[in-house]
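K.L.:
Sequence first, then the predicted structure:
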Amino acid sequence: MKTALAALAILILEGAPAWATLGEYESSVSVDQRVLRGADREEAREGYKIHQLTAPDGTVVKELISPAGLVFEVTWQSERMPNLQQLLGSSMAELQVALQSSTHRRRGGPLIVQTNTLVFVSGGHMRSFHGYAYVPGLVPRGVSPRVAQ
């Protein structure tokens, strides 16, 4: 089992291009757009906004921005596993600790990690990866997590 987790960690850490960093400011969106060489479609919603970045290879990354200007949730859909170090930023260390403990689930479904300060769900198979991560403490009041469905 530890070998499987180590292999998953390697896939996670050696992923594809960089995207927004969870918990950082909206200014990271323009950097992400350049890295992905994709289009940015911005949509205002009540209490937050969404930047949807679409790359030429079909990768779609959604970054949800709070009124305070912080990325509170990130979702992805891609042929390759994303670079989670870039995607999660400082939350990556927490994910790594959780993967080494018993605070995650994976029994034939997606990998689910839920702590007080991070929710991470990732699943899929070769050429079809998807997932999301959010920081519960950054989700704007009145907004439900996982609104980017």
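P.N.:
Done, it's in. Numbering: from 1, shown residues only.
K.L.:
residue contacts, residue 120?
P.N.:
Contacts for residue 120 (CB atoms under 8 Å, 6 or more residues apart in numbering) come out as 88, 91, 95, 98, 111-114, 131-133. Heads up, the C-betas are built off the backbone N, CA and C, glycines and all.
K.L.:
Assign a three-state SS to the residue nearest to residue 90 when sequence neighbours are not counted, would you?
P.N.:
Nearest non-adjacent residue to residue 90, counting by CB to CB, 6 or more residues apart in numbering: residue 23, 6.4 Å away. Going by DSSP: H, G, I helix; E, B strand; the rest coil, the secondary structure assigned to residue 23 is coil.
K.L.:
thought residue 23 was touching residue 136?
P.N.:
No - with contact defined as CB atoms under 8 Å, residue 23 and residue 136 do not form a contacting pair (11.4 Å).
K.L.:
the more surrounded of these two?
P.N.:
The neighbour count for residue 23 versus residue 136, taken as other CB atoms under 10 Å, is higher for residue 23 (20 against 14).
K.L.:
so how far is residue 110 from the more buried one?
P.N.:
Separation of residue 23 from residue 110 (CB to CB, to the nearest Å) stands at 22 Å.
K.L.:
Ok, residue 38 next?
P.N.:
25 Å.
K.L.:
Compare these two (neighbour count), which wins?
P.N.:
residue 38 (20 against 14).
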